[in-house]
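Enquirer: Here's my sequence, what's the structure:
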Amino acid sequence: MADPREVELELGYFNLARTGPTNTFTTPGVVLNYGVARNLELVGEFRLDVSPDVDITDPALSLKGVVKEGVLQESVALEGSLLLPSTVTGERSVGLETVAIVSGKLAPVTLHVNGGGGVDRAGHGFGVWGVIGEVPLPARVRLVGEINGEIVERERPNNSALLGVIWQPTSRNLFLDAGVRHGISSAAPDWQITVGLTFGFSLPTALRQ
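Expert: Here you go, the predicted structure:
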């Protein structure tokens, strides 16, 4: 989570999803986090899909806050999102999503468990869930494993698993990540490969006021 009046920019500068004979490229995927106050951040995001048509997908504006902090990285956070219209056919309306995230540490693994749901851009009810585990490795590297899913009204579940790494080269505000995701249900892409960059910075003093 971004510190107060700090900005974090996440760039997914390469994402390849393969479903049967079809490849979908997403470049870029952009997530902008702004620390509104302690334990409260504003998040804006979107993706650009090329497959072969170009579409702006998954635009959203979210507010995320930690509602309970504990020791050993234990915390409970809530995230409310306004799902903005995209250029994809059938997704031209506004949706809503609410997710709860519970984090804790079971040495040496840090776990994040999330669940929630809402109404999508097509007016359908949906539910989401996920479990993420992180293990620190030498040389400022973290091994990350994730399993998550989405259930949309009158559609098949979209469940998948990911294995990836996050590398923090030198600065505490710079991270490089890469991962491979495999679909574990028929509605999910067979394979996905992702590469991204996250960096943080403080706003100039004049913009803070």
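Enquirer: Against residue 191, how distant is the residue nearest the centre of the chain?
Expert: The centroid of the chain falls nearest to residue 31 when counting by C-alpha atoms, centre = their mean (8.2 Å). Distance from residue 31 to residue 191, counting by C-beta to C-beta, to the nearest Å: 22 Å. For every residue, glycine as well, the C-beta is placed using N, CA and C.
Enquirer: same deal with residue 30?
Expert: In terms of C-beta to C-beta, residue 30 sits 23 Å off from residue 191.
Enquirer: Enumerate every residue touching the nearest residue to residue 91 once chain neighbours are set aside.
Expert: Spatial nearest neighbour of residue 91, chain neighbours left out: residue 121 (3.9 Å); criterion: C-beta to C-beta, 6 or more residues apart in numbering. Applying C-beta atoms under 8 Å, 6 or more residues apart in numbering, we find residue 121 in contact with 83, 85-86, 90-95.
Enquirer: Residue ranges in the protein under the pLDDT threshold?
Expert: Counting by pLDDT under 70, the ranges of the chain that qualify are 27, 52, 70-73, 205-209.
Enquirer: before we move on, which element is residue 23 in?
Expert: Assigned by DSSP states H and E, residue 23 falls within strand 22-37.
Enquirer: tell me which residues in that strand are buried?
Expert: 24, 26, 29, 31, 33-35 (16 or more other C-beta atoms under 10 Å).
Enquirer: just checking, residue 17 touches residue 24?
Expert: Yes. Contact criterion C-beta atoms under 8 Å: residue 17 and residue 24 qualify, at 4.5 Å.
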